[in-house]
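Participant: what's the 3D shape of this:
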Amino acid sequence: MLTIENLGVRYGGIEALHDVSIEVKRGESVLLVGSNGAGKSSLINSVVGLVPTAAGRIVFNGKDLVGVSCPARARLGIGYSPEGRRVFSSLTVTENVLAGTTGIPIAKAMANLEWIQKIFPLLVERADQPANQLSGGQQQIVAIARAASTMPKLLLLDEPFLGLAPVWIGHISDAIRELQRRGTTILMTEQMARPALKLVDRAYVIRNGEVRRSGTVDEIRDIALAEEYL
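Facilitator: Numbers count the residues shown, from 1 in each chain. The predicted structure follows:
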């Protein structure tokens, strides 16, 4: 579904990614694991279209994404939940989720909302509450629900567990499993790999903007332990 070949990303004179190649197959869940500043978010942002590529190419469902705008990538079926939650603080929980459905028919948006509310009970319990009154874990659920509100083919989750208490990591893990049961393909990043490795099929270890290792969860778990990502 997603193929990244020899990707390079630069910020001015700083090289954030160098010659990175990864693949995410349809129906898979894949993890990018690495320390802060390793290049994980740069890779995610390049797939979304938030940063330009300096080299290489990104292909989604057979379409080269170079030159394709962020909104057009979303319409192709790419959903994105950014690092740090970033909810719309002045909007209610329901308004935040529906904000992700801009551009799709209202009937489909409401049907999607109904399905998402079933896997995220918080969305019903706090429907009319402003998002800025929620805890960090609750805001993360809203952010993921908003990213999933269009029922994307590929869901990008950037550090979904960052700064959260174990109880919220558990709730979000349960919600991710529900999305997986629906058939959603997922590419996620994490520094703390232990909970994320329970959710994925394969993983890539990124360090200093390069992929250093890749393999199955069992293969990567030992490497991650050795490199203190757990």
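
Participant: what's the separation between residue 124 and residue 79?
Facilitator: 21 Å (Cβ to Cβ, to the nearest Å). Where you see a C-beta, it was placed from the backbone N, CA and C, and this is true even at glycine.

Participant: out of the two, which sits in the busier spot?
Facilitator: Between residue 124 and residue 79, residue 79 has the larger neighbour count (other Cβ atoms under 10 Å), namely 24 against 12.

Participant: that one belongs to a strand?
Facilitator: Yes - read with DSSP: H, G, I helix; E, B strand; the rest coil, residue 79 is one of the residues of a strand.

Participant: leaving out chain neighbours, which residue sits closest to it?
Facilitator: Once flanking residues are discounted, residue 79 sits nearest to residue 152: 3.2 Å by Cβ to Cβ, 6 or more residues apart in numbering.

Participant: next, that neighbour: secondary structure please.
Facilitator: Going by three-state DSSP: residue 152 is coil.

Participant: neighbours of it, how many?
Facilitator: Other residues close to residue 152 by other Cβ under 10 Å number 20.

Participant: gap between it and residue 116?
Facilitator: Residue 152 sits 12 Å away from residue 116, going by Cβ to Cβ.

Participant: and the helix or strand hosting residue 17, what's buried?
Facilitator: If you go by DSSP states H and E, residue 17 is part of strand 14-24. If you call a residue buried by 16 or more other Cβ atoms under 10 Å, then strand 14-24 has these buried ones: 15-18, 20, 22, 24.

Participant: mind listing what the helix or strand harbouring residue 157 pairs with, with the direction of each?
Facilitator: Here residue 157 sits within strand 154-158, counting by DSSP H and E. If you go by DSSP bridges, strand 154-158 pairs up with strand 78-81 (parallel), strand 185-190 (parallel).

Participant: what does the first one rub up against?
Facilitator: I take that to be strand 78-81. 44, 47-48, 60, 74, 100, 143-144, 146-150, 152-158, 160 (Cβ atoms under 8 Å, 6 or more residues apart in numbering).

Participant: check the offset of the strand or helix carrying residue 171 from the chain's centre.
Facilitator: Assigned by DSSP H and E, residue 171 belongs to helix 166-182. Taking Cα atoms, centre = their mean, to the nearest Å, one finds helix 166-182 lying 13 Å from the centre of the chain it belongs to.

Participant: just checking, what packs against that helix?
Facilitator: helix 106-119, helix 136-148, strand 185-190 (3 or more Cβ pairs under 8 Å, 6 or more residues apart in numbering; DSSP states H and E).

Participant: so which of those gets nearest residue 65?
Facilitator: strand 185-190 (13.7 Å; Cβ to Cβ).

Participant: who's in contact with the most centrally placed residue in the chain?
Facilitator: For the chain, the residue nearest the mean C-alpha position is residue 157 (1.4 Å; Cα atoms, centre = their mean). Listed by Cβ under 8 Å, 6+ apart, the contact partners of residue 157 are 81, 144, 147, 176, 186-189.

Participant: for the chain, what helix or strand is lowest in average pLDDT?
Facilitator: Lowest by mean pLDDT, DSSP states H and E among the helices and strands of the chain is helix 217-226, with a mean of 74.

Participant: other SSEs contacting that helix?
Facilitator: strand 29-33, helix 193-197, strand 202-207, strand 210-216.
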